[in-house]
Structure formats: C-alpha cells, structure tokens
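Build me a model:
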Amino acid sequence: MDCPEWNDTLALWDEAPKEKRDEADAHAATCDECRRVAEGWKRFEEALLDDEDEVDDPLVREKVLAAARASLDGSRRRLVILVVLAIALLVATVLVWRSTGSDAAERRLIEAEDQLTHGDFEDARRSADAVLSLPGASELEKEHARRIKERAR
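Model prediction:
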C-alpha cells in the first residue's frame with residue numbers, strides 16, 4: 001500500500017511536530033510498507049553518519065531517494081518563486097519611482113511655465129532647478145527645464 005500522506009513526515013522526521021511523528025508511528029505499526037520506509041530512513045541517516053552502512057532494500061532505497069529528490073525539487077521551486085517575486089517587486093518599485101518622479105517633474109514644469117507667464121522669473125528658475133534635480137525626470141523633461149531657465153534670465 002502506498003501512503004503518500006506519510007512520506008513527508010517519514011522523510012523529515014526530525015523537523016516534524018511530535019504529534020505528527022506519533023501519528024506516523026501509529027500508522028507504521030499497522031502498515032508494513034511505511035514501517036519499511038521508516039526503517040529505511042533510519043538506516044539511511046545512519047549510513048550518512050557511517051560510510052560503511054548501506055540500505056539494502058531497493059524499494060526503501062528508491063522511496064528514500066525519491067523523497068529526497070522531491071524535497072530538493074520543492075526547495076528549488078520555492079527559491080525560484082522567491083527570486084521571481086523579488087524581481088517583480090523591484091521592477092514595480094522602479095516603475096512607481098519613475099512615474100512618481102515624472103509626475104512631479106510634469107507638475108513643476110507646468111508651474112514654471114505659469115510663473116514665466118506671470119513674470120515670476122526667479123520662481124520659474126527654482127521650479128526648473130527642482131525638475132533638474134528629480135531622479136525620475138526624463139531627459140525630455142530636463143531639456144524643457146533648461147529651456148525655461150534660459151527664458152527666465
């Protein structure tokens with residue numbers, strides 16, 4: 001009988017909560033295959049600590065290796081998901097930062113044009129300087145700010 005619900009508990013025995021280990025023990029007492037798998041894991045652990053021991057049962061060896069591979073695949077999958085999420089968060093942050101800077105630059109340029117129209121040349125130069133110092137301002141917006149500064153002289 002294949003009992004996949006116990007594979008993780010048997011494979012990750014030391015990390016499983018005591019209650020889950022007790023349930024697995026009770027199940028293994030009634031299931032020959034799970035008992036063999038649990039014994040195989042125990043022998044596998046001992047073999048890792050002592051190079052001379054080997055797991056002789058091919059079924060147990062295969063189940064242990066399959067569980068180890070599945071655990072490794074799951075870890076890799078989680079790592080890939082975390083990396084993708086981190087990249088997505090970084091891209092979103094940059095986009096928001098750039099759009100925020102661009103919006104601020106646009107508002108400042110409109111303000112500077114209005115100040116020029118009303119003859120407030122000093123304020124227009126300050127608004128243009130503010131655009132030039134914004135990290136999210138585009139090159140086109142910076143060029144526009146430079147032209148405003150020239151006109152405000």
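
Ramachandran angles for the residue in the chain sticking out farthest from the centre?
The centre of the chain is farthest from one residue, Gly119, which by CA atoms, centre = their mean lies 52.5 Å away. Main-chain torsions, Gly119, degrees, to the nearest 10: phi 80, psi 10.

Next: Ala86.
Backbone torsions of Ala86, given as degrees, to the nearest 10, read phi -60, psi -40.

helix/strand/coil for the most centrally placed residue in the chain?
Nearest residue to the geometric centre of the chain (CA atoms, centre = their mean): Leu82, 2.3 Å. What DSSP: H, G, I helix; E, B strand; the rest coil gives for Leu82 is helix.

low-confidence ranges in this structure?
Counting by pLDDT under 70, the chain shows low-confidence ranges at 1-2, 11-14, 47-56, 72-75, 97-102.

So which residues of this protein form helices?
Remark: helices assigned in the chain by DSSP state H are 7-11, 18-30, 32-49, 58-117, 121-133, 139-151.

Need the winner for burial among those.
The highest mean neighbour count among those, using mean count of other CB atoms under 10 Å, belongs to helix 7-11: a mean of 20. Glycine gets a C-beta too; all of them are placed from N, C-alpha and C.

quick one: the residue nearest to the centre of the chain from Leu10, how far?
27 Å (CB to CB, to the nearest Å).
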